[in-house]
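**Q** Sequence plus the predicted model coming up.
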Amino acid sequence: MRVYLDLCAIQRPLDTYSNTRIALEAEAVLGILELCDTERLALVSSEVLEYESEQSILAVRQEHTRAVLAKAQTKVMITLPVEQRAEVFVGMGIKPLDALHLASAEAAGVDFFCTCDDRLLRKANHVQGLKVRVMSPIDLVQELEK
């Protein structure tokens, strides 16, 4: 199975564990990455992830993201079809970078798109014809353990 983690999911383990949800999501992301390390899951990267990561002013976040993306078996490039699909998502109220992440995940044929962004989760789960399952890290771990 193939998984695409958006940047907020990749960086969740670096967040301050100010509440139980953040701590649980961080542990879930670390578990997902362990599954990628043991090749039970295949991680997919993208140009969009690299671009968004480079926008961070914190070197530790950039370094962490580079280390995670180095585990990826596939990297999706931004192509015209990816851009066109992203435009469809933007028309449905999804933010442009999030739309590019979703379009990249679809282009790679991933099974799961993982995010900690509640707004994106809600909006993506209302997109008819979406070719990827969008889940939180906690829900993804639960799904993988079935």
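**A** Sure thing, it's come through. Numbering: from 1, shown residues only.
**Q** May I see the buried residues of the helix or strand where L120 lies?
**A** According to DSSP states H and E, L120 maps onto helix 118-124. Using 16 or more other C-beta atoms under 10 Å as the test for burial, helix 118-124 gives 120-121, 123-124. Backbone N, C-alpha and C define where each C-beta goes, glycine included.
**Q** Quickly note the distance from the closest residue to V82 other than its chain neighbours to V132.
**A** Closest residue to V82 apart from its sequence neighbours, by C-beta to C-beta, 6 or more residues apart in numbering: A103 at 4.7 Å. The gap separating A103 from V132 is 10 Å, by C-beta to C-beta, to the nearest Å.
**Q** how distant is the longest helix seen in the chain from the center of its chain?
**A** The longest helix of the chain (DSSP state H) is helix 20-37. Here helix 20-37 is found 13 Å from its chain centre; the criterion is C-alpha atoms, centre = their mean, to the nearest Å.
**Q** And for R66, the neighbour number?
**A** R66: 13 surrounding residues under other C-beta atoms under 10 Å.
**Q** wait, isn't it in contact with S53?
**A** Yes: the criterion here is C-beta atoms under 8 Å, and R66 meets it with S53 at 7.1 Å.
**Q** Model confidence for the closest residue to L120 other than its chain neighbours, exactly?
**A** In space, L120 comes closest to D98 once its chain neighbours are excluded; the distance is 5.0 Å by C-beta to C-beta, 6+ apart. With respect to pLDDT, D98 has a value of 97.
**Q** cool, and the one 5 residues further on?
**A** Taken from the predicted model, the pLDDT recorded for A103 is 97.
**Q** Would you mind measuring from it to F112?
**A** From A103 to F112 the distance is 15 Å (C-beta to C-beta).
**Q** which other helices and strands contact the host helix or strand of the residue nearest to L120?
**A** Per DSSP H and E, D98 falls inside helix 96-108. Helix 96-108 sits against strand 2-5, strand 42-46, helix 47-54, strand 74-76, helix 80-91, strand 112-114, with contacts defined as 3 or more C-beta pairs under 8 Å, 6 or more residues apart in numbering; DSSP states H and E.
**Q** Columns mean neighbour count and distance to L33 on top of these, output as CSV?
**A** Shown next, in CSV, are the helices and strands packed on helix 96-108 (neighbours: other C-beta atoms under 10 Å; distance: least, C-beta to C-beta, whole Å):
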stretch, mean neighbour count, distance to L33
strand 2-5, 26, 8
strand 42-46, 23, 8
helix 47-54, 18, 14
strand 74-76, 18, 16
helix 80-91, 15, 24
strand 112-114, 25, 11
